[in-house]
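Colleague: here is the input, now give the coordinates:
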Amino acid sequence: MLASCPGATEFLLLRRHFFLVGALTTLILLVVAGGLKIAFKGKGADAGGGVAASSGAPGGKSGARRGGAGGGAPQISIAVVQSRTFVDTIEALGVAKGRQSVTLTAATTQLVERVLFSDGQSVPRGAVLVELKSNEQDAGLAQAQARMVEAERAYQRYKSLNEKGYASKAALDQYEAAWLSAKADVAAARAQQGDRTIRAPFAGVVGLSDIAPGALVNPGAPIVTLDDLSTVRVDFQVPERYVGSLREGQEISAAVDAYPGEPIRGRIARLDTRVDERTRAITARAEFPNPGRKIRSGMMMRVSIARGERRGLAAPESAVSVQGDAAFIYAVLAHGQGNVADQRPVLTGARQDGFVELREGAQPGLKIVADGLNKVQAGQPVRIARKGGAAGSSGQKRPAI
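Modeller: Alright, predicted model coming up:
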């Protein structure tokens, strides 16, 4: 019915023509846009070429010179392989301890009456640190002393009678024994009283403590630590193959992480009389002076024992690249008017004071890339940086290498 209607037919034809005109218009716009894009790109290339040709020195020679000098080459600094003294050392680890260290405890169960120290205080030998309640012990001591006085008087009286012939020798011996027993009781009472007073067994520094008056302490319970830090000692183990290099009194050095770059000098105080059968190592004890008590008990110390000196070729650590078990350097070689980096494998040795020993693969005076190895490749042109400035630019004299 719709097809037989004249108005409907005209509507369908008109809609079809509209879509055709729209598609044709879109196609024309796309063709025009593509042409304009190609035209502008060509003009940009011509303009860029003109700028490149006109930049630099007259005649376009600057661009050619820059290309010849390796404009894309990385800038580097150089170092020279030289002979250096290396010290053969034995390295070991140990834990610092005070020359004398102790944790003070109580010998009996009792209440704390007085605390006579403060945390971190330096105390002399024999100083009273803590007093426990001792009322019972004080009374026991007084009773023992009274019995001793009575026994002594009886003994002296019978001694006088014995000298006059009025007392037997057996009776005198009995009273003498009673007097000596009373003296022993006094000594025992004084010892029990002394257990209620905790003294410093040596001069040192007390640590941190939570003890306070009124606290109940038990036998073996820690009260406070005491350390003599005027000198620290370190026990460390050395493999038995180095026993011949050790001797008592030998000077050594050590380092701690808390004070980087500050070597600590000391000496070997004692060597153990036996080699451990399991570890095949001998224990050595070193002592280090500790002015200012900078080293604390418990610090980890790296001990170094010098075995001798020798000369060897060396390079800065930053100039040696290590990949797995292999190591290599980049030698800087002249190539035409520039320089190139030549990768060379090396055999490394000791590492000391920021330098690496080169046992094989280098010769004295060889110029190598000093740093920035991550931006250098084998056979790649490189530019040498001037001291205090950038690498030489085009038209300037290249530094001698």
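Colleague: for stretch 102-113, give the mean pLDDT please.
Modeller: Mean pLDDT, stretch 102-113: 88.
Colleague: how about the helices of this protein, start to end?
Modeller: Using DSSP state H, the helices of the chain run over 6-54, 61-68, 135-164, 169-194.
Colleague: looking at those, which has the lowest confidence?
Modeller: helix 61-68 (a mean of 36).
Colleague: dump the residue contacts of the residue nearest to residue 134 when sequence neighbours are not counted.
Modeller: Leaving aside its sequence neighbours, residue 134 sits nearest to residue 196 (CB to CB, 6 or more residues apart in numbering; 3.8 Å). All C-beta spots, glycine's among them, are computed from the backbone N, C-alpha and C. When contacts are counted by CB atoms under 8 Å, 6 or more residues apart in numbering, residue 196 touches 108, 110, 131, 132, 133, 134, 137.
Colleague: distance from stretch 104-123 to the middle of the chain?
Modeller: 35 Å (CA atoms, centre = their mean, to the nearest Å).
Colleague: other residues contacting it?
Modeller: 127-134, 195-196, 198, 200, 203-209, 211-226.
Colleague: and if you look at stretch 353-362?
Modeller: By CB under 8 Å, 6+ apart, stretch 353-362 touches 81, 84, 86, 312-317, 319-320, 328-329, 344-351, 368.
Colleague: how far away is residue 382 from residue 244?
Modeller: 49 Å (CB to CB, to the nearest Å).
Colleague: neighbour count winner among the two?
Modeller: residue 382 (25 against 8; other CB atoms under 10 Å).
Colleague: excluding sequence neighbours, find me the nearest residue to residue 265.
Modeller: Residue 265 sits nearest to residue 253 (CB to CB, 6+ apart), 5.7 Å away.
Colleague: wait, the one you found touches residue 267, no?
Modeller: No: contact between residue 253 and residue 267 fails when scored by CB atoms under 8 Å: they sit 10.2 Å apart.
Colleague: neighbour count for the two, which is higher?
Modeller: residue 253 (16 against 13).
Colleague: tell me who's in contact with the more buried one.
Modeller: Counting by CB under 8 Å, 6+ apart, residue 253 has contacts 263, 264, 265, 266, 303, 304, 306.
Colleague: would JSON lines of the residues you listed with neighbour count, distance to residue 230 and pLDDT be doable?
Modeller: Shown next, in JSON lines, are these (neighbours: other CB atoms under 10 Å; distance: CB to CB, whole Å; pLDDT from 0 to 100):
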{"residue": "263", "neighbour count": "10", "distance to residue 230": "20", "pLDDT": "87"}
{"residue": "264", "neighbour count": "22", "distance to residue 230": "14", "pLDDT": "91"}
{"residue": "265", "neighbour count": "10", "distance to residue 230": "15", "pLDDT": "93"}
{"residue": "266", "neighbour count": "21", "distance to residue 230": "13", "pLDDT": "93"}
{"residue": "303", "neighbour count": "24", "distance to residue 230": "20", "pLDDT": "93"}
{"residue": "304", "neighbour count": "16", "distance to residue 230": "23", "pLDDT": "90"}
{"residue": "306", "neighbour count": "14", "distance to residue 230": "26", "pLDDT": "84"}
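Colleague: domain-wise, how is this structure divided?
Modeller: 6-54, 75-86+311-384, 90-97+222-308, 104-217 (automatic domain parsing).
Colleague: kindly check the end-to-end length of stretch 187-205 for me.
Modeller: Taking CA to CA, to the nearest Å as the measure, stretch 187-205 stretches 31 Å from start to finish.
Colleague: give me the buried positions along that stretch.
Modeller: Residues 189, 192, 193, 196, 198, 200, 202, 204, 205 are the ones in stretch 187-205 that count as buried (16 or more other CB atoms under 10 Å).
Colleague: now flag whichever of those residues is closest to residue 37.
Modeller: residue 205 (84.1 Å; CB to CB).
Colleague: right, and that closest one touches residue 290 too?
Modeller: No: using CB under 8 Å as the test, residue 205 is too far from residue 290 to be in contact (11.0 Å).
Colleague: what sits in contact with each of the two?
Modeller: residue 229.
Colleague: which residues does residue 380 contact?
Modeller: Counted by CB under 8 Å, 6+ apart, residue 380 has contacts 73, 74, 340, 341.
Colleague: hang on, I meant residue 138
Modeller: residue 193.
Colleague: ok, it to residue 144 distance?
Modeller: Counting by CB to CB - residue 138 and residue 144 are separated by 11 Å.
Colleague: and if you look at residue 121?
Modeller: Residue 121 is 35 Å from residue 144, by CB to CB.
Colleague: can you check residue 328 too?
Modeller: In terms of CB to CB, residue 328 sits 85 Å off from residue 144.
Colleague: quick one: the strands in the stretch 251-400 of the chain?
Modeller: Taking DSSP state E, counting those that start in this stretch as the test, the strands found in the stretch 251-400 of the chain are 251-255, 264-276, 281-289, 300-316, 321-323, 326-335, 338-352, 355-360, 367-369, 381-384.
Colleague: most centrally placed residue in this structure?
Modeller: residue 257 (3.3 Å; CA atoms, centre = their mean).
Colleague: hang on, the earlier thing: out of residue 121 and residue 144, which sits in the busier spot?
Modeller: Per other CB under 10 Å, whichever of residue 121 and residue 144 has more neighbours is residue 144, with 20 against 14.
Colleague: which strand in the protein has the most residues?
Modeller: Longest strand in the chain, counting residues (DSSP state E): strand 82-105.
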